[in-house]
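Chemist: What follows is a predicted structure for the sequence shown.
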Amino acid sequence: MIYVITALLGYTGAWWINHYAHLLGLIDKPNKRSSHDQPTPRGGGVGLLLAFTAATLWLDLPNYLSLPAIILSILSLFDDRIGLSPKIRLTAQLMAAGLFLSGMLIPLQTKTSFFFAFPFFAVYIVGTTNFYNFMDGIDGIAGITGIVGFLLLGTYGIATGQDNKLVILAFGMASACAGFLPFNIPKPRVFMGDVGSILLGFIFACLVAAFAGTVVEFIILASFLLPFYLDVLTTTVERLRKKQSLIKPHRSHLYQVLANGVGIAHWKVALGYGIFQLLMGLTVWAAVRLDILLGILVLGLFVGSFMLVNNRVKKHCGQ
């Protein structure tokens, strides 16, 4: 039942924004950095926020998970409307990560591991939150990645006996993304906006932190979002080499080059990323379970393959 509710809320939020975004000033007007050429309503991720809120109430999840995520998503909705400075956004994300980790890691506070886990996962959560937002630049990519990523997390949770409430939450967010997706592909009637992409990145990272009891588990879980990590990190390194500002908008991610430079339809690029994500996640998971060294080797092969494709595509497009 909860999956039907989250899917309907994901759909309803996108429908509402599609019809009433102009009343709220939530219209994304294209510029030279955009991957679209028509004014389009944004903020359709409010349905994901509603779905997450409903799921947390249904499951009676702890406040240290629900409140930081909800507050961060609402703040991101204001960012969609009026724009907020990077300093404000980063401060809010650090506070949200700190609140979540304080609640999750309280039982470990007398152990040495607490002092290592807290800063590591704080950086990971904030990083993933922003990475997800950076990658929400073409139609369908955030929604498809959300479906695949949360389905993988939920499946892993079942296989390893994780907290059943968190497993249900993972599947619930996947269904919410599925509810939103019809408004974003193949024709983009609504953009997800920061309200949705920031929320998805934050929840994904929090579930990874909650499920990862060991370094090996963290490697497996993080691989469920590997294409996003590889694209952002590769592009960041390239921009640093060119001495470009990292906070200015750009269109140099591989997925953007494929859509705008090569001319592949947005939904096809997004679907390709989703398939690649599923293949990566399942393969790394299987390899690591057999042997950690084999898993690292497989992970390295995926990283190398991505970098090879990235370099060839961008060189072909003159970047």
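Modeler: Structure received.

Chemist: Tell me which stretches of this protein form strands.
Modeler: With strands called from DSSP state E, the chain shows them at 27-28, 40-41.

Chemist: Each with direction, which strands does the last one pair with?
Modeler: Sheet neighbours of strand 40-41, with direction, are listed as strand 27-28 (antiparallel) (DSSP bridges).

Chemist: follow-up on the earlier one: mind telling me which of the strands of the chain the model trusts least?
Modeler: Here those differ in mean pLDDT, and the lowest is strand 27-28 at a mean of 74.

Chemist: How many neighbouring residues does L240 have?
Modeler: 10 (other C-beta atoms under 10 Å). Glycine gets a C-beta too; all of them are placed from N, C-alpha and C.

Chemist: Could you list which residues are in contact with the residue lying closest to L24 once chain neighbours are set aside?
Modeler: Spatial nearest neighbour of L24, excluding adjacent residues (C-beta to C-beta, 6 or more residues apart in numbering): R81 at 6.7 Å. Counting by C-beta atoms under 8 Å, 6 or more residues apart in numbering, R81 touches L24, G25, L26, G43.

Chemist: swap in P186?
Modeler: The contact partners of P186, taken as C-beta under 8 Å, 6+ apart, are D139, G140, A265, W267.

Chemist: Surely the last one touches P182?
Modeler: Meaning W267. No: at 11.5 Å, W267 does not count as touching P182 under the criterion of C-beta atoms under 8 Å.

Chemist: neighbour-wise, which of the two wins?
Modeler: W267 (20 against 16).

Chemist: what number of residues lie near the residue nearest to the more buried one when sequence neighbours are not counted?
Modeler: Using C-beta to C-beta, 6+ apart and skipping the chain neighbours, the partner closest in space to W267 is I185 (4.3 Å). Per other C-beta under 10 Å, the neighbour tally for I185 reads 20.

Chemist: where does I185 sit relative to T12, distance-wise?
Modeler: Taking C-beta to C-beta, to the nearest Å as the measure, I185 falls 18 Å from T12.

Chemist: wait, doesn't L230 sit right on L308?
Modeler: No: with contact defined as C-beta under 8 Å, L230 does not reach L308; the gap is 11.4 Å.

Chemist: More neighbours: which of the two?
Modeler: Neighbour totals were compared for L230 and L308, and L230 leads with 19 against 10 (other C-beta under 10 Å).

Chemist: From R81, how far off is that one?
Modeler: 32 Å.

Chemist: likewise K315?
Modeler: Distance, K315 to R81, using C-beta to C-beta: 39 Å.

Chemist: now do L26
Modeler: 6 Å.

Chemist: How about the contacts made by the residue nearest to I264 when sequence neighbours are not counted?
Modeler: Leaving out its chain neighbours, the residue that sits closest to I264 by C-beta to C-beta, 6+ apart is L258, at 5.1 Å. Neighbouring residues of L258 by C-beta under 8 Å, 6+ apart: I264, V269, G272, V313.

Chemist: 10 Å instead, please
Modeler: 138, 264-266, 268-270, 272-273, 309-310, 313-314, 317 (C-beta atoms under 10 Å, 6 or more residues apart in numbering).

Chemist: I only care about the residues you listed that end up buried; give me the ChimeraX line for that.
Modeler: Per 16 or more other C-beta atoms under 10 Å, the buried members of the contacts of L258 correspond to this ChimeraX selection:
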select :138,264,266,269,270,272,273,310,314
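
Chemist: so of the contacts of L258, which ones are in helices?
Modeler: Judged by DSSP state H, helices contain the following of the contacts of L258: H266, K268, V269, A270, G272, Y273, V309, N310, V313, K314.
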